[in-house]
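Trainee: from the sequence below, what's the structure:
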Amino acid sequence: MIARGYTKRKRVVILGSGWAGYSFARTLDPSKYERVVISPRSYFVFTPLLASTSVGTLEFRAILEPVRRAPGGLRFYQGWADDVDFSRKVIRVEANAIDKLQHDLSPISASTAASEVATETRPPKGEVFDVEYDKLVIAVGAYSQTFGIAGVREHAHFLRDIGDARRIRLRVLSLFEQCSYPASPGGKDGKTAGSPLTEEEKRSLLHFVIVGGGPTGIEFAAELHDLIHEDLKTIYPELMPLVRITVYDVAPKVLPMFDKALAQYAMEVFARQGIQVRTEHHLEGIRVADGSLGSAHGGLSIKIKEYGDKEIEAGLVVWSTGLMQNPFVEQMVNKQFATINEAEAPTNHLLKDPRTGGIVTDGYLRARITDDKISESNEAAASVAAPVLPDVFVIGDCAVVEGNESLPKTAQVASQQAAHLARQLNKSTDNSVDVESAWKPFKFRNWGTLTYLGVLYLRTQFLFMYYNSRQ
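Mentor: As a prediction, the model looks like this:
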């Protein structure tokens, strides 16, 4: 047990080292609070630049910051939060002794790069220990949404962490290298077992598919286009006629957070660059391609509803279709517990947002609770009067703030929530502060959204695609 009481400062435990968790830890006053961060990764990732690292525009270390470098010093435990005893104010933590960053950046073979696509899985169980807290901030983020589509988690690449970016970069370079081998002598048609690929097979492997027309998918498509036509074109000029980049999305338009005219502009830019955009297309499954294309080269077959029984083939699928709740959040909203002042059997649980599955908070980012006898169908109506759980706050992608339910799950929102909560706590002098009278409720201010469309359109896109919520 890592107990409280070694200092006069109150201990604030932060679960997560992403935009919400790390931003909060940096802003919280270390002279007033003992800051403890618990996360399976020991670093913060500047996610808006992940697409740039996946193609080599930036090096991986350029977007990483070790958590322990936070100003003022903090205590960090690398592990997974397994459970929380809210009545005793104790967190059960499972150690993640395997250094994920070292694993992600260590040399791996091309075959391994193609198969290691799931970064949101846990390593073998580690040691378990308990950590006490005075205040708890849940900022565990969310996972990539797969909608239960067959083969996505096994064969698609996500773009959520530095390991994802590295695997994508290795896969792209491996595909071009495989397709560049000269023909081998032997056989009537000049081919032998294990010989280089036919032109049609090369065309399949050099088909790069991005699923999801949001900012991440669009920016990756633009970065990939720049890599191919600015750099790889000089190394593999003979392969350029075989390269295709296709973006699929179920929505009628890409970049749904932008004005319709701006989204249309993005599609026109992509059309001029040769990037195909297929809206209102529904992917139904991904599998390993038949024959040696799949077994030897990692080729994939993709089933799309609008194409009937016909499958398309690709060498790489990058999946960026939104978020689903973190398993820890799912566990917490279904957990029955007694509050710190209750002696009876557990009757409460965290209030769950019926649409997103996130944890509902009040305007001050405090977790709402409700009695487990209330049916899920009535939870939304009950949230207005639901009490709050003392000393437990929720921020970032796993939070649904009352009055701000429509906010996107972006770094901008998460960092603003983190900064707001830290400032309110910094103003507090003790636990007797009346939050409703002394604190200000969270209010999101939209500073606009930028989306990269390619090196030739950088200036135009920065001037033209700035979106201000006040317009």
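Trainee: ok, and what's touching stretch 83-90?
Mentor: Applying C-beta atoms under 8 Å, 6 or more residues apart in numbering, the external contacts of stretch 83-90 come out as 1, 91-92, 130-134, 136, 331-332, 335, 337-340, 342, 389, 391-392. In this view, the C-beta of every residue, glycine as well, is placed from N, C-alpha and C.
Trainee: are any of these buried, and which?
Mentor: Neighbour counting with 16 or more other C-beta atoms under 10 Å marks 91, 131-134, 136, 332, 335, 337-338, 389, 391-392 as buried within the contacts of stretch 83-90.
Trainee: taking these one by one, which sit in helices?
Mentor: Secondary structure from DSSP state H places Met332 of the buried ones among the contacts of stretch 83-90 in helices.
Trainee: and of the buried ones among the contacts of stretch 83-90, the nearest to Ser180?
Mentor: Nearest to Ser180 among these: Met332, at 50.3 Å, using C-beta to C-beta.
Trainee: what's the closest non-adjacent residue to the closest one?
Mentor: Nearest residue to Met332, sequence neighbours excluded (C-beta to C-beta, 6 or more residues apart in numbering): Leu350, at 5.5 Å.
Trainee: ok, now which ones touch the one you found?
Mentor: Contacts for Leu350 (C-beta under 8 Å, 6+ apart) come out as Met332, Val333, Lys335, Ile359, Val360, Ala367, Arg368, Ile369, Leu389.
Trainee: per-residue confidence for Pro256?
Mentor: pLDDT for Pro256: 87.
Trainee: okay, the longest strand seen in the chain in PDB with CA atoms only?
Mentor: In the chain, with assignment by DSSP state E, the single longest strand is strand 75-85. C-alpha atoms of strand 75-85 as PDB (Å, rounded to 0.1, in the frame of the first residue of the first chain):
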ATOM      1  CA  ARG A  75       5.600  10.600  -8.600                       C
ATOM      2  CA  PHE A  76       4.900   8.200 -11.500                       C
ATOM      3  CA  TYR A  77       3.900   4.600 -11.500                       C
ATOM      4  CA  GLN A  78       3.800   2.700 -14.800                       C
ATOM      5  CA  GLY A  79       0.800   0.500 -14.600                       C
ATOM      6  CA  TRP A  80      -2.900  -0.100 -15.300                       C
ATOM      7  CA  ALA A  81      -5.600   1.000 -12.900                       C
ATOM      8  CA  ASP A  82      -7.600  -2.200 -12.300                       C
ATOM      9  CA  ASP A  83     -10.100  -1.000  -9.700                       C
ATOM     10  CA  VAL A  84     -11.000   1.800  -7.400                       C
ATOM     11  CA  ASP A  85     -12.400   1.500  -3.900                       C
END
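Trainee: about what we covered before: distance to Gln145 and pLDDT for the buried ones among the contacts of stretch 83-90 - can I get that in CSV?
Mentor: Shown next, in CSV, are the buried ones among the contacts of stretch 83-90 (distance: C-beta to C-beta, whole Å; pLDDT from 0 to 100):
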residue, distance to Gln145, pLDDT
Ile91, 27, 98
Val131, 30, 98
Glu132, 34, 97
Tyr133, 30, 97
Asp134, 34, 96
Leu136, 26, 98
Met332, 19, 95
Lys335, 23, 92
Phe337, 28, 88
Ala338, 33, 81
Leu389, 27, 94
Asp391, 31, 95
Val392, 26, 97
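Trainee: the helices in the stretch 351-471 of the chain, which residues?
Mentor: 379-382, 411-427, 435-438, 458-464 (DSSP state H, counting those that start in this stretch).
Trainee: which other helices and strands contact the second one?
Mentor: To tie it back to what came earlier, the one meant is helix 411-427. Judged by 3 or more C-beta pairs under 8 Å, 6 or more residues apart in numbering; DSSP states H and E, the packing partners of helix 411-427 are helix 19-27.
Trainee: name the residues that touch the helix it packs on?
Mentor: 14-17, 35, 37, 39, 44, 47, 65, 67, 70-71, 74, 137, 139-141, 395-397, 399, 411, 414-415, 417-419, 421-423, 426.
Trainee: among the residues you listed, which ones are buried?
Mentor: Neighbour-count burial within the contacts of helix 19-27 applies to 14-17, 35, 37, 39, 44, 47, 67, 70, 74, 137, 139-141, 395-397, 399, 411, 414-415, 417-419, 421-422; the criterion is 16+ other C-beta under 10 Å.
Trainee: re earlier: phi, psi of the residue nearest to Met332?
Mentor: phi -60, psi 140 (degrees, to the nearest 10).
Trainee: which parts of the stretch 201-350 of the chain are strands?
Mentor: 207-211, 244-249, 276-279, 283-288, 300-304, 311-314, 316-319, 323-325, 348-350 (DSSP state E, counting those that start in this stretch).
Trainee: Tyr265 is nearest to which of those?
Mentor: strand 276-279 (12.1 Å).
Trainee: quick one: strands adjacent to the closest one?
Mentor: The strands that strand 276-279 pairs with in its sheet are strand 244-249 (parallel) (by DSSP bridges).
Trainee: the partner strand vs strand 283-288, what angle?
Mentor: Counting by axes from the mean of the first three to the mean of the last three C-alpha atoms, to 10 degrees, strand 244-249 lies at 140 degrees to strand 283-288.
Trainee: got a list of contacts for strand 244-249?
Mentor: 203, 206-213, 217-218, 221, 224-225, 228, 254, 270, 274-281, 283, 304.
Trainee: at 6 Å instead, please
Mentor: With contacts defined as C-beta atoms under 6 Å, 6 or more residues apart in numbering, strand 244-249 is touched by 207-211, 213, 221, 225, 275-279, 281.
Trainee: one more: stretch 201-208?
Mentor: Against stretch 201-208 from outside (C-beta under 6 Å, 6+ apart): 175, 179, 242-245, 293, 297, 299, 313-316.
Trainee: any idea how far Glu223 is from Ala263?
Mentor: According to C-beta to C-beta, to the nearest Å, Ala263 and Glu223 sit 19 Å apart.
Trainee: show me the chain divided up by domain.
Mentor: Annotated domains of the chain cover 10-144+323-438, 152-180+193-321+450-464 [automatic domain parsing].
Trainee: okay, the residue nearest to Asn334 when sequence neighbours are not counted and Ile369: tell me how far apart.
Mentor: In this structure, Asn334 finds its nearest non-sequential neighbour in His349, 6.8 Å apart by C-beta to C-beta, 6+ apart. Distance, His349 to Ile369, by C-beta to C-beta: 7 Å.
Trainee: who has more neighbours out of these two?
Mentor: Neighbour totals were compared for His349 and Ile369, and Ile369 leads with 22 against 19 (other C-beta atoms under 10 Å).
Trainee: that one contacts Leu389, correct?
Mentor: Yes - using C-beta atoms under 6 Å, Ile369 makes contact with Leu389 at a distance of 4.9 Å.
Trainee: next, Arg88: phi, psi?
Mentor: When read as degrees, to the nearest 10, the backbone of Arg88 gives phi -100, psi -10.
Trainee: look up how far Tyr265 lies from it.
Mentor: From Arg88 over to Tyr265 (counting by C-beta to C-beta), the distance is 55 Å.
Trainee: so between these two, which is more surrounded?
Mentor: A count of neighbours by other C-beta under 10 Å puts Tyr265 above the other of Arg88 and Tyr265, at 19 against 12.
Trainee: how about that one, what does it touch?
Mentor: By C-beta under 6 Å, 6+ apart, no residues touch Tyr265.
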